[in-house]
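Peer 1: predicted structure and sequence below. I'll ask about it afterward.
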Amino acid sequence: MKHLVLILTLLMATPTYAASCDAYGGTEMVHAELLFGRSQPGGLVGAEDWADFLAKSVTPRFPDGLTALDGQGQWLDSQAGTITHEPSTVLLILAPAAPDLKARLDAVRKDYIARFGQKSVGLVTSTACADF
């Protein structure tokens, strides 16, 4: 019983995102990171193709803004048992939690997979406080 009381006390004392957002003047939002490999059959997804994808697939779904970061990624090809290295781009999107948010993120992922012959596009989400 002591443990239950302690757990409940800790849970009640833990600040929520909304409370911490109030402290910083922010708003609770979903922080989504989309992880795009830039290799494709026959070469790399070039800057022109990426810009076209961003303009036609991402921006209409997330017109309030985003950040694109270029980097180097790696992943395990489980069938071949080898590590594959490739250029990558991470899109950071902060958006209000909305009923259609997951569908919009999934549509971007599906578009990229279909357009550039990818096996997958990673998605990482968390709750964050944001103020613009």
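Peer 2: Structure received. Numbering: from 1, shown residues only.
Peer 1: check which helices and strands the helix of greatest length in the chain sits against.
Peer 2: For the chain, the longest helix by residue count, based on DSSP state H, is helix 101-116. If contacts are counted by 3 or more Cβ pairs under 8 Å, 6 or more residues apart in numbering; DSSP states H and E, helix 101-116 sits against strand 27-37, helix 47-53. Where you see a C-beta, it was placed from the backbone N, CA and C, and this is true even at glycine.
Peer 1: how about a markdown table for those, with mean neighbour count added?
Peer 2: Listed next are the helices and strands packed on helix 101-116 as a markdown table, based on neighbours: other Cβ atoms under 10 Å:
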| stretch | mean neighbour count |
| --- | --- |
| strand 27-37 | 19 |
| helix 47-53 | 13 |
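Peer 1: quick revisit: give me the buried positions along the longest helix of the chain.
Peer 2: Buried residues in helix 101-116, counted by 16 or more other Cβ atoms under 10 Å: 101, 104, 105, 108, 109, 111, 112, 116.
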